[in-house]
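Asks: I'll drop the sequence and a predicted model, then ask my questions.
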Amino acid sequence: MKIELTDKERLFLSNQYEILGTLKNEDHYLLLAEQLREGHKWLYQQSFNTLYENLPDEDAELVLNILQVYKALQTSYNALSDKSGISLQDVSFAGFDGNNESELMGFVDALNKARCYSSIIQTGVLNSHTPKANRYETMIQKWHELDKSYKLTKDQIVYILSR
């Protein structure tokens, strides 16, 4: 990611890195502060290589919506007296594909670390090893047809899970 900094931003960052380098007694922060102060753009931009693009809002919404669906599925499943034909695994979050949906999988991991939806995420997996986004969109649509209920019947759970 290429980041352009104004002189003022370079000065602020330089001061921050100098303080950090002094507090932690680490030379690489002091070197970065010097590079920023002296305008060695090519050098200081190398330190920003680990900064990722922001996750698009649509992708974040997809993840949050599917986690809500799984919360509804698990809540409803736990309340069922007759669970025949449905297993806990069926209503557990199945993750995203690490190869093709890594940004989505990374957001799920970040949510889990932030303790958001962690009870839903921890009962499932992060890496499904197969693309899931399209399937999840269908599940979300079906759940919306049922008015986003958190009190689903067995038949409604089966309907949401069906392909």
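Replies: That came through, no problem.

Asks: for the nearest residue to residue 161 once chain neighbours are set aside, what are phi and psi?
Replies: Distances taken as C-beta to C-beta, 6 or more residues apart in numbering place residue 90 nearest to residue 161, at 5.8 Å, with adjacent residues excluded. For glycine as for every other residue, the C-beta is placed from the backbone atoms N, C-alpha and C. The phi/psi pair for residue 90 (degrees, to the nearest 10) reads phi -60, psi -40.

Asks: find the nearest non-adjacent residue to the residue positioned nearest the centre of the chain, please.
Replies: Nearest to the mean C-alpha position of the chain, by C-alpha atoms, centre = their mean, lies residue 107 at 0.9 Å. In this structure, residue 107 finds its nearest non-sequential neighbour in residue 63, 5.1 Å apart by C-beta to C-beta, 6+ apart.

Asks: one step back: show the pLDDT at the residue nearest to the centre of the chain.
Replies: Looking at residue 107, its pLDDT reads 96.

Asks: that one reaches residue 59, doesn't it?
Replies: Yes - using C-beta atoms under 8 Å, residue 107 makes contact with residue 59 at a distance of 7.0 Å.

Asks: which of the helices or strands spans the residue nearest to the centre of the chain?
Replies: Residue 107 is part of helix 102-113 when elements are defined by DSSP states H and E.
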